[in-house]
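Chemist: coords please:
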Amino acid sequence: MRVYRSLNELPVIKNAIVTQGTFDGVHAAHLVIIERVKELAQQRNGETVLMTFDPHPRLVLFPDDHGLKLLQTLDEKISALEKEGIDHLVVIPFTKAFSELTSLQFISDILVSKIGTKVLVIGYDHRFGKNREGAFDHLKTSSSQYGFEVEEIPEQDVEEVAISSTRIRKALEIGDVVTASKYLGKFYAITGEVTQGKQLGRTIGYPTANIKIEDQNKLIPADGVYAVKVVFNNQTYGGMLNAGYRPTVDGIAHSIEVHIFDFNENIYNQRVEILYVNKLREEMKFSGLDALKNQLEKDKLHAIAVLQNADQ
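Modeler: Residues are numbered from 1 along each chain as shown. So this is what the prediction gives:
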């Protein structure tokens, strides 16, 4: 998959079969749209093009709305789309100026001039351009003028995308990562850099890697203890993760720490991917480090059992 961070980077694309959207999470419902684009490209001996935006349009248009949390960072989205076999990914820098493009400007300047669209696949009731003035009928009219076809994804499939996205977010907000995985079609993942902490875990036999999440808009599942898979250097390890304030040791700052099973490498300043498999329990305050250690031993056994039965 070729990735373009600017429309000016685009080459001539053969029979471009195009879709666009935020595709946050690249979850199971999104794949209905992606599979249709791939099917059309195969039928017409063309190439697939997916346009997305960075940052998320809502973050630009409604900067004072701090409620939006994303299922994926841009890097995570790129990785997920690459696995789905997209030929060309166009990441359009979303700005106030870009949002002022009229629907006709969007069609002529981007879909036609920059991409050379042959077929545009859009969701039901999809709107675009300044003040969302463009609609399916508008596209149908313009498509004959500019020489491309338009296909609309059925209403029920588009509704499933919206419903799935909402359910995923709500599930993660309460720590129900099993439900989130069901709608994603995969384990929910976070990626971050390993930073050095106070190393208290080492004193009780449970060293942890502190994970720094760089994107403040990334949705982190609710605090608690989880069974997880940890991907580092193309290898996958079992582990257990704690997110919270570490009340037993009077923690003040929020942290995400993961203990990786059967692992003793120095990975400071390295990036890891963490896959949430299931929640084990809430974060708790114990009477001291000995009581905490006893609970961690139980958590480890629980996590190992959960991971052995994980089906992804």
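
Chemist: for the stretch 151-300 of the chain, which spans come out with low pLDDT?
Modeler: Residues of the stretch 151-300 of the chain meeting the criterion pLDDT under 70: 155, 157-158, 198-201.

Chemist: ranges for the helices of it?
Modeler: Under the criterion DSSP state H, counting those that start in this stretch, helices of the stretch 151-300 of the chain are mapped to 155-173, 177-184, 200-203, 289-308.

Chemist: which strands and helices lie in contact with the last one?
Modeler: Applying 3 or more Cβ pairs under 8 Å, 6 or more residues apart in numbering; DSSP states H and E, one finds that helix 289-308 makes contact with strand 224-232, strand 235-244, strand 271-281. The C-beta positions use only the backbone N, C-alpha and C, and glycine is treated the same way.

Chemist: and the angle for the second one with strand 271-281?
Modeler: Compare the direction of strand 235-244 with that of strand 271-281 by axes from the mean of the first three to the mean of the last three Cα atoms, to 10 degrees and you get 60 degrees.

Chemist: summarise which helices and strands strand 235-244 is packed against.
Modeler: Checked by 3+ Cβ pairs under 8 Å, 6+ apart, strand 235-244 has strand 224-232, strand 255-260, strand 271-281, helix 289-308 packed alongside it.

Chemist: now with 7 Å?
Modeler: On a contact count with 3 or more Cβ pairs under 7 Å, 6 or more residues apart in numbering; DSSP states H and E, strand 235-244 meets strand 224-232, strand 255-260, helix 289-308.

Chemist: what of the longest one?
Modeler: Here strand 271-281 touches helix 177-184, strand 188-195, strand 209-212, strand 224-232, helix 289-308, going by 3+ Cβ pairs under 7 Å, 6+ apart.

Chemist: and it, which strands flank it?
Modeler: strand 188-195 (antiparallel), strand 224-232 (antiparallel) (DSSP bridges).

Chemist: I'd like the helices and strands packed on helix 289-308 written out as JSON lines, with distance to residue 189 and mean neighbour count added.
Modeler: Below are those laid out as JSON lines (distance: least, Cβ to Cβ, whole Å; neighbours: other Cβ atoms under 10 Å):
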{"stretch": "strand 224-232", "distance to residue 189": "8", "mean neighbour count": "22"}
{"stretch": "strand 235-244", "distance to residue 189": "12", "mean neighbour count": "20"}
{"stretch": "strand 271-281", "distance to residue 189": "5", "mean neighbour count": "20"}
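
Chemist: out of these, the one nearest residue 265 is which?
Modeler: With respect to residue 265, and counting by Cβ to Cβ, the nearest of the helices and strands packed on helix 289-308 is strand 224-232 at 7.9 Å.

Chemist: and the closest one with helix 289-308, angle?
Modeler: 60 degrees.

Chemist: and the contacts of strand 224-232?
Modeler: The contact list for strand 224-232, computed with Cβ atoms under 7 Å, 6 or more residues apart in numbering, reads 175, 177, 187, 236-243, 258, 260, 267, 270, 272-283, 299, 303, 306-307.

Chemist: which parts of the stretch 51-200 of the chain are strands?
Modeler: 88-93, 117-122, 149-152, 188-195 (DSSP state E, counting those that start in this stretch).

Chemist: what's the most buried one of these?
Modeler: With neighbours defined as mean count of other Cβ atoms under 10 Å, the strands of the stretch 51-200 of the chain peak in mean count at strand 117-122, which reaches a mean of 22.

Chemist: contacting residues for residue 236?
Modeler: The neighbourhood of residue 236, defined by Cβ under 7 Å, 6+ apart, consists of residue 229.

Chemist: repeat for residue 276
Modeler: Contacts for residue 276 were tallied using Cβ under 7 Å, 6+ apart; they are 177, 187, 188, 221, 226, 228.

Chemist: among the helices and strands packed on strand 271-281, which is nearest residue 107?
Modeler: helix 177-184 (32.7 Å).

Chemist: quick one: that closest one to chain centroid distance?
Modeler: From the chain centre to the centre of helix 177-184 is a distance of 13 Å (Cα atoms, centre = their mean, to the nearest Å).

Chemist: same deal with stretch 265-272?
Modeler: The answer for stretch 265-272 is 22 Å, by Cα atoms, centre = their mean.

Chemist: same question, stretch 142-150
Modeler: Mean-position distance between stretch 142-150 and its chain equals 32 Å (Cα atoms, centre = their mean).

Chemist: pull the contacting residues for residue 2.
Modeler: Applying Cβ under 7 Å, 6+ apart, the residues contacting residue 2 are residue 88.

Chemist: can you offset everything so residue one is 25?
Modeler: All right, first residue 25 from here; so that's residue 26.

Chemist: residue 220 contacts residue 292, correct?
Modeler: Yes - the pair residue 220 / residue 292 is scored as a contact, 5.8 Å apart, by Cβ atoms under 7 Å.

Chemist: who touches residue 214 in this structure?
Modeler: 237, 242, 244, 298.
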